[in-house]
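Peer 1: Build me a structure from this.
(one chain, ligands or ions: 1)
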Amino acid sequence: MKTLVIGANGKIGRIFCERAAAQGLAVRAMLRDPAQRSFFESLGVETVLGDLEGEFGHGFEDCSRVVFTAGSGGHTGGDKTLLVDLYGAIRAIEESEERRLDHFVMVSAMRADHPLDGPPAIRHYLVAKQLADERLRTSSVPYTILRPGRLGDEPGSGRVRTDPAAGHGMEISRENVALCILASLGQPGSRGHSIDLLGGDQPIGELFASLEAR
Ligand SMILES: NC(=O)c1ccc[n+]([C@@H]2O[C@H](COP(=O)([O-])OP(=O)(O)OC[C@H]3O[C@@H](n4cnc5c(N)ncnc54)[C@H](OP(=O)(O)O)[C@@H]3O)[C@@H](O)[C@H]2O)c1
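Peer 2: Here you go, the predicted structure:
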């Protein structure tokens, strides 16, 4: 049961690959640049080259699950938001449908359901996330959509909250998001759920164990 990680060289992707490798999970990291390979090889994680703006279908060979944690980032323009965050995600979902994958874990974003509630500068990005999420929800692939708030680099606490109104702050550490991806893959009950993620007090293991597949 191998998991393809799209966006593996990103901040969340790297932490996820480290944690997954430490647990003995079979993971394949999809990278854009061969120079990125050494980090993953040092973890014992297999790599494949692929670009969401080009060819990447070969990366799915022998994989039964996908983690999508790629993103065009705030330093690029709206063209990349369309090509990577929206169309790249849709193509990954379509590839997963064709190959009848078991589980697609999407790292989306909080407020993707209500882009106009977000800060003006990122509303177009939230629209891209919303449309990609919607394509996933109506696909034939079992999915989990994780919707973190603003990402930070502090160490993960292993605890989160899923109700923005139930606490203060709209941030979550990337390490906690990576731990949620891992927990989601380990819990069939997480399929069919879209979950907001913020810093909080609920143990991640407890949250995912409480979910029932939809
Ligand atoms: N920033 C926030 O506050 C925030 C909030 C909520 C959700 N998110 C979402 O969280 C996810 C990951 O966050 P992060 O901090 O880990 O991001 P990150 O460090 O910027 O990583 C993004 C990854 O996507 C890869 N990527 C970009 N374009 C690609 C393409 N054309 N083909 C394949 N891969 C491509 C990058 O590859 P390279 O390494 O080669 O550049 C990078 O590895 C994203 O989906 C983002 O939208 C972010």
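Peer 1: What are the boundaries of the helices in this protein?
Peer 2: 11-22, 37-43, 78-80, 89-98, 123-137, 174-186, 204-209 (DSSP state H).
Peer 1: Of all those, which one is nearest Ala166?
Peer 2: For Ala166, the closest of the helices of the chain is helix 204-209, at 12.6 Å, according to Cβ to Cβ. Glycine gets a C-beta too; all of them are placed from N, C-alpha and C.
Peer 1: quick revisit: let me know which of the helices of the chain is tucked in deepest.
Peer 2: Ranked by mean neighbour count, these are led by helix 174-186 with a mean of 23 (mean count of other Cβ atoms under 10 Å).
Peer 1: list the helices and strands that helix packs on?
Peer 2: Where contact means 3 or more Cβ pairs under 8 Å, 6 or more residues apart in numbering; DSSP states H and E, helix 174-186 is packed against helix 11-22, strand 63-68, strand 103-107, strand 143-148, strand 150-152, strand 159-161, strand 193-199, helix 204-209.
Peer 1: got the contact list for it?
Peer 2: 3, 11-12, 15-16, 19-20, 23, 25, 65, 67, 69, 103, 105, 107, 144, 146, 148, 151-160, 190, 195, 197, 199, 204-205, 207-208 (Cβ atoms under 8 Å, 6 or more residues apart in numbering).
Peer 1: Please repeat the previous calculation with a cut-off of 7 Å.
Peer 2: With Cβ atoms under 7 Å, 6 or more residues apart in numbering as the test, helix 174-186 has contacts from 3, 11-12, 15-16, 19-20, 65, 67, 103, 105, 107, 144, 146, 148, 151, 153, 155-158, 160, 190, 197, 204-205, 208.
Peer 1: Tell me how far stretch 49-68 lies from the chain's centre.
Peer 2: 14 Å (Cα atoms, centre = their mean, to the nearest Å).
Peer 1: on that earlier part again, between the helices of the chain, which one is nearest to Leu49?
Peer 2: When those are ranked by proximity to Leu49 (Cβ to Cβ), helix 37-43 comes first, at 8.7 Å.
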